[in-house]
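1. Predicted structure and sequence below. I'll ask about it afterward.
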Amino acid sequence: MIKEGKFGYHEAISVMVITIVINAFFTSPAILVGLVGTTGWYMTLISMLTSMFAFMFLYLLLKRFPNKNIMQISDVVLGKWGSSVFLLLFGGFLLWTASINIREFTEVLKVYVLPRTPPSFIMIMFLITVVVFSFLGLETIVRFAKFIIYILGAGLILVILLSSQNFEMKNLFPILGYGLSNTLIHGLLRSSFYGEIVIIGVIASSLQGYKEIKRIGFSSLFLSGFITSLCLMVFTFVFPYNVGQELTSPMYEMAALINYGGFMQRMEPLFLFLWNFGSFIEISFILYTSLMIYCHIFRIDDKRPVILPMVTTLYSLSLIPKSIIEVTSGLVQTMRSWGWLFYYIPPVIILIIALIRKKKGGSRNA
Amino acid sequence: MLKELKKLFVYKKPSEHGFRFPEGPEESELWSEYRGKINNLEDNSETGKKHNSGNEDQGQDNEKNPDLKSYKQKNKDDKGKTKDKKRHNKRSKEEQTRIVRPMPINELVKKKDSKEKRNGQEYNNTAQELNQKCKYNEEENKTGSDKTEAETKTGNKEEEKKGASNTRDNAPKSRENESESKKESNNDKDACQGSESVSRDNTGRSNENKTDLKKYENKDDSEEKDEKSNKESEAEPDKNKEEMKESNKGEDTRNEDEENKQETVSGSDENQKKENAGSDKKEEGEDNSHNRSHNDEHDIDVSNSIEENISILKDIFNLPVNQDVIIREFIIARKIKACVVFIDGMIDKNIIIEFILPELMNPCALDGFETGCPIDFLEKNILSVHQVVRMDNYKSIIPQVLSGQTVVFIDGCNECLIMESRGFEKRDISVPSTETVVNGSQEAFTENLRTNITLIRRIVKNESLITEFRIISKTNNILAAILYIEDITNKRIVDEVKRRIENLDIDYIAGSGMLEQLIEDKSLLLFPQIISTERPDRVASFLMDGKVVLICEGTPFALAMPIAFFDLFHTSEDSNLRWQYGTFLRIVRLIGTLLAFLLPGLWTALILFHQEMIPTSLLSSIVISRAPVPFPFIIEFLLMEISFELIREGGIRVPGITGNTLGIIGALILGQSAVSAGLVSPSLIIIVAVTGLGSFTIPNYSLALAVRIARFVLIGFGAVGGLYGISIGFTIFLSLALGMKSFGVPFFAPVAPMTRSNQDKIVRGPLYKQEERPDYLNTQDEKRMGDRPREWVKSSTAGGGRDNDQGR
């Protein structure tokens, strides 16, 4: 049986930040530039604030039911069958999110690194890592995140610093992009970019109480917003908005432009490590939480026998999209725009029902 | 001649053992109940039936009393009737022993020789098989044994009335027979109680049941002995009478206090206590019988008679066949017989020649001594040996003899004197061979346990440094020492270490290397979970950190646990140098480790998948150099890596100067020749050489080997997936390491999980800032320094003051 165990503040923040920020390394910035132009860097801050507002409801829900995770809370509030339906939808959505992310990663890798490799091969190798992580448990995933965040952070700073030779301040203008209202609307909609924050509700029982959850949630969102904004700003400095929206992975292209003489050039494969590690953590984390939800629904104590079938399902789902266009412009775009419906609304609904039905968790002893 | 040959193979007739038939049906039933055959009848009947093919007359008897059946068969054989006598004799050794073994009447078994022993051992092996079939019902057997105890007492008394009186000559033999019957009755009980340890124990004896049996037997034997001694004393001179009475009393008291005896230094005594508690632990599911030496079978008390002691010793040590053991008989002060026992080659002869024998053989040695056993007098007044211990049970004495002590037995005393006289040849303290440093101690451990402990005690001069000894293997009885500092170490770690050691059930442990593999958490993982070092100064630092150290005799290495990943990178030199130098060296080691681990895989990925990363000029030279190479890159690389490993391993195994030369010349000539022949490219030689150099910087040998193995896996990942494959391989290794624990401590503490720690992971902070012990060990005393470890630094303004620029 896999024991989830407890982990601390730093580990939780590391895993949440990596899970959220890694999406900025792929196709999302290019789509964003197409939508809002040069204002992506502060549009994401609006998304962050929206996400913080939505997270408040989750926090209030978790505070109302201390030491319980969202599955246990839904059992109490919605009853057995209602909870099962709700959790099945939520867990299914997380699984679908993971499948889209893994497909997006595969497509980007195929475009830039392994063009002649079949996508199934890339995915199978990826999923081997995911299986290993899942067998080792949540503790290992968060410890890996904690360990690797320093390397990722250093790598990111290095990319930004080395790319500074290509910065042009004029690329930041026009400062309002396609209009403030456009920026605001997309900022609100694309708060789904930070939607993975609700996974804190799934792992709440492994954290150190609701006060800690509050700190973790808001700190993770703040850090993620800051890093994403920085990345988008840097990307905007390097690529004008009419160029940026044509790129598959702007961050990769930015690293590819690093050129300091004959020796220090074409170093983008080194930064491949950053994206790989981040993606491993993100997919493994989301899959594991989906696994936790599934096992909770069907009262399965030992998760290990469910891992391989779940991974197989993930693999099958990720092979459904026909091409990179369908993935990036279709599924990813849809998820970024409308994912908030599945991320933020359910905890609000549960909270409202809990208030109506006057359901509450046990009080803490003095 | 045939008859003589038969004697070699055919078990002796029961009649020669003094076997007699039960006089009546009542007695027969009593005997059957005593034997506890009620539970075994079914099984015995099955085996009996197999051997009784075609004997219809005995069919009914077979079902009711298979022992009777087999006995009848035996009678037939004795009469020399059947052709299948040989077959019966061969096949029914089990039956023969079964007939003899359950004899409850100890004095019936008079003759004891080596053949009986062998037969008994053979029986025990077969008894194991029987035991496995028996139903395990300790309570019923105990109640049954209690009943039969009373019954056999009545039976014994009847026999004694009828039987001949025992002469003094038979006394030692009777004692031998008692000991043999003890074993036999143990085996009898084992057959019915059927503990698991019986099936595992080679001698077929149940150590756990022995504790219960001992109480029963000791009571039984003590009563029998009392009766015997009373009879014997009538026929013997007064002296012997008194001696026997004293011995009986001594036996009685010993039997009563046997469970409360204090432990000696020897681990076997501790094991004996655990043996007594073993029955309780068995109920909890633990089985402590596995961690006991086979000396449990020598659970014989020292006799008052010197001849008997000598005969017991000869029996135990297989004298005169075993020519290592010397028994030197002499007379103390020309009055009392004694003997000294030791193993030739293990003792310092001068101690015996100068301090034991002359002192004891001095005619005036017993001046001032009156009567009785002189052991106390001699210990306190005559023997001038620095360490003398008294023991009274062969189970404790034998390990002492085997470890090089000298034992003196005295006629009329039921104890012996064990004197420290170890003087076997041992290696001197030398420089460390695997952990050399420039600035630091140049002493290393040796194969001798006492020397190693002394080396540590010279550094940690603390009364709270506890050394506990354990015997960890069953047959070679190797001793291990557990060291920890009582006031610092977390008790749970100590208990866990002890638990793992005490639950080892293994025949042979050569040294710390084997012990490490037996007690580590996950033996399947590549990375070590216990650190092995040959430096006493490192061990001392581990003890001060709050770790537990294990030292095993036979290898010059000590084991420390629990460990974290960063402990494997540290050397004692880091602390002996200034913090800047220590930090620099650690960074160099880390770079070396990363190079050894990642460089081959990265190079493979770059050459095969990411050529664009290589600068153009370098790329062109690589392409030109690889042009004549006939092999694919991966084959070429693996060829070079394997050759390098062969050279490295060959250089270690070849002795003397040749080994060192082989490494250098082999690498140079082989590499140069290979390049000249166009088999490999020059760039690859550089990569392989740098990888090797990187692995040499890893201070821990186990980690170095792990990295050497892991790099081959990464080469495979790199060949398959390029940098993507490398990242997958690295992630898998790292995640496995992150999920590892060493005695409950996460392997990557204090980084993941994050715990409070000194600045002593990669960057080594100043020594006076290392204020706390590692947090992940949860030591009893977390502070290792005061608030101001350098009191001499004057506390003044932040700038230190005009007249004080020190301490900054």
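-> Thanks, I have the structure now. Not measured: the values here are computed from a predicted model. Residues are numbered from 1 along each chain as shown, chains lettered A, B, ... in the order given.
2. Under the pLDDT cut-off, which ranges of chain A? List them.
-> A:1-4, A:362-366 (pLDDT under 70).
3. what does it put close to chain B?
-> A:7-8, A:10-11, A:109, A:113-114, A:117, A:122, A:125-126, A:128-129, A:132-133, A:136-137, A:139-140, A:143-144, A:146-147, A:262-263, A:265-267, A:269-270, A:272-273, A:276-277, A:280 (Cβ under 8 Å from any Cβ of the partner chain). Where C-beta positions appear, they are placed from N, C-alpha and C, glycine not excepted.
4. Filter the residues you listed down to the ones in helices?
-> Under the assignment DSSP state H, these contribute A:10-11, A:109, A:122, A:125-126, A:128-129, A:132-133, A:136, A:139-140, A:143-144, A:146-147, A:269-270, A:272-273, A:276-277, A:280 to helices.
5. Can you flag the buried ones in those?
-> A:10-11, A:109, A:122, A:125-126, A:129, A:132-133, A:136, A:139-140, A:143-144, A:146-147, A:269-270, A:272-273, A:276-277, A:280 (16 or more other Cβ atoms under 10 Å in any protein chain shown).
6. And the strands in the chain, which stretches?
-> I'll assume chain A. A:259-260, A:264-265 (DSSP state E).
7. wait, I meant chain B there
-> Going by DSSP E, chain B shows strands at B:325-332, B:336-343, B:388-391, B:406-410, B:416-419, B:465-471, B:479-485, B:531-533, B:548-552, B:558-561, B:741-742, B:745-746.
8. now the strands of chain A as a markdown table including distance to B:A444?
-> Putting those into a markdown table (distance: least, Cβ to Cβ, whole Å) gives the following:
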| stretch | distance to B:A444 |
| --- | --- |
| strand A:259-260 | 49 |
| strand A:264-265 | 46 |
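9. could you dump those to a markdown table with mean neighbour count?
-> Formatted as a markdown table, these follow (neighbours: other Cβ atoms under 10 Å in any protein chain shown):
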| stretch | mean neighbour count |
| --- | --- |
| strand A:259-260 | 12 |
| strand A:264-265 | 14 |
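10. With respect to B:N477, which of these lies nearest?
-> strand A:264-265 (64.3 Å; Cβ to Cβ).
11. Residues of the stretch 551-700 of chain B that sit close to chain A?
-> Near chain A, when you scan the stretch 551-700 of chain B using Cβ under 8 Å from any Cβ, you find B:609-610, B:612-613, B:615-617.
12. Quick check on those residues: which are buried?
-> Buried, going by 16+ other Cβ under 10 Å: B:609-610, B:613, out of those.
13. what about stretch B:723-735 and chain A, any contact?
-> Yes. Applying Cβ under 8 Å from any Cβ, one finds stretch B:723-735 touching chain A at B:723-728, B:731-732, B:734-735.
14. Now flag whichever of the residues you listed is closest to A:F26.
-> B:Y724 (14.7 Å).
15. Hmm, the closest one is touching A:M125, no?
-> Yes. The pair B:Y724 / A:M125 is scored as a contact, 7.2 Å apart, by Cβ atoms under 8 Å.
16. wait, which of the strands of chain A is closest to B:E463?
-> The minimum distance between B:E463 and the strands of chain A falls on strand A:264-265, with 60.9 Å, by Cβ to Cβ.
17. follow-up on the earlier one: could the strands of chain B go into a markdown table alongside mean pLDDT and mean neighbour count?
-> Formatted as a markdown table, the strands of chain B follow (pLDDT from 0 to 100; neighbours: other Cβ atoms under 10 Å in any protein chain shown):
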| stretch | mean pLDDT | mean neighbour count |
| --- | --- | --- |
| strand B:325-332 | 91 | 16 |
| strand B:336-343 | 91 | 22 |
| strand B:388-391 | 90 | 18 |
| strand B:406-410 | 92 | 26 |
| strand B:416-419 | 92 | 25 |
| strand B:465-471 | 92 | 19 |
| strand B:479-485 | 93 | 22 |
| strand B:531-533 | 93 | 25 |
| strand B:548-552 | 94 | 26 |
| strand B:558-561 | 94 | 25 |
| strand B:741-742 | 90 | 18 |
| strand B:745-746 | 89 | 24 |
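18. what residues are up against the closest residue to A:F235 other than its chain neighbours?
-> Using Cβ to Cβ, 6 or more residues apart in numbering or on different chains and skipping residues adjacent in sequence, the residue nearest A:F235 is A:P250, 4.7 Å away. A:P250 sits next to A:29-30, A:33, A:235, A:238-239, A:244 when contact means Cβ atoms under 8 Å, 6 or more residues apart in numbering or on different chains.
19. of all the residues you listed, which two lie farthest apart?
-> A:A30 and A:V238 (12.7 Å).
20. Need the nearest residue in space to the residue of the stretch 251-366 of chain A found nearest chain B, chain neighbours excluded.
-> Proximity of the stretch 251-366 of chain A to chain B (Cβ to the nearest Cβ) peaks at A:N276, 3.9 Å away. Excluding the flanking residues, the one nearest A:N276 by Cβ to Cβ, 6+ apart is B:S727, at 3.9 Å.
21. which ones are touching the one you found?
-> Each residue near B:S727 by Cβ under 8 Å, 6+ apart is listed here: A:272-273, A:276-277, A:280.
22. ok, now B:D545?
-> By Cβ under 8 Å, 6+ apart, the neighbours of B:D545 are B:773-774, B:777, B:779.
23. Output the below-cut-off pLDDT ranges for the stretch 551-700 of chain B.
-> In the stretch 551-700 of chain B, residues with pLDDT under 70: B:659.
24. Run through the stretch 1-150 of chain B and note the low-pLDDT ranges.
-> In the stretch 1-150 of chain B, residues with pLDDT under 70: B:1, B:4-21, B:34-150.
25. How about the residues of it by chain A?
-> Checking the stretch 1-150 of chain B against chain A by Cβ under 8 Å from any Cβ, there are no hits.
26. residues near the residue nearest to A:T27 when sequence neighbours are not counted, how many?
-> In this structure, A:T27 finds its nearest non-sequential neighbour in A:T328, 4.3 Å apart by Cβ to Cβ, 6+ apart. When neighbours are counted by other Cβ atoms under 10 Å in any protein chain shown, A:T328 registers 23.
27. Tell me which residues touch A:T328, please.
-> A:27, A:30-31, A:104, A:107, A:248.
28. you'd agree B:V325 is up against B:G345?
-> No. Assessed by Cβ under 8 Å, B:V325 is found out of contact with B:G345, at 10.6 Å.
29. quick one on the thing from earlier: which one among the contacts of A:P250 gets closest to A:S74?
-> For these, the residue nearest A:S74 by Cβ to Cβ is A:P29; the value is 34.8 Å.
30. which non-adjacent residue is nearest that closest one?
-> A:P250 (4.7 Å).
31. A:S28 versus the one you found, what's the distance?
-> 9 Å (Cβ to Cβ, to the nearest Å).
32. Let's have the contacts of A:T328 in a markdown table, adding neighbour count.
-> Formatted as a markdown table, the contacts of A:T328 follow (neighbours: other Cβ under 10 Å):
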| residue | neighbour count |
| --- | --- |
| A:T27 | 25 |
| A:A30 | 23 |
| A:I31 | 19 |
| A:E104 | 25 |
| A:E107 | 24 |
| A:T248 | 17 |
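33. Between which two of those is the distance greatest?
-> The largest distance within the contacts of A:T328, taken as Cβ to Cβ, falls between A:I31 and A:E107 and amounts to 13.5 Å.
34. related to what we said a few turns ago, any idea which of the residues of stretch B:723-735 next to chain A is the one closest to chain A?
-> B:S727 (3.9 Å).
35. how close does the residue nearest to A:T27 sit to B:D537?
-> Taking Cβ to Cβ, one finds A:T328 at 60 Å from B:D537.
36. Can you read off the backbone torsions of the closest residue to B:L518 other than its chain neighbours?
-> Of all residues not flanking B:L518 in the chain, B:L504 sits nearest, at 5.8 Å (Cβ to Cβ, 6+ apart). Per-residue torsions, B:L504: phi -90, psi 130 (degrees, to the nearest 10).
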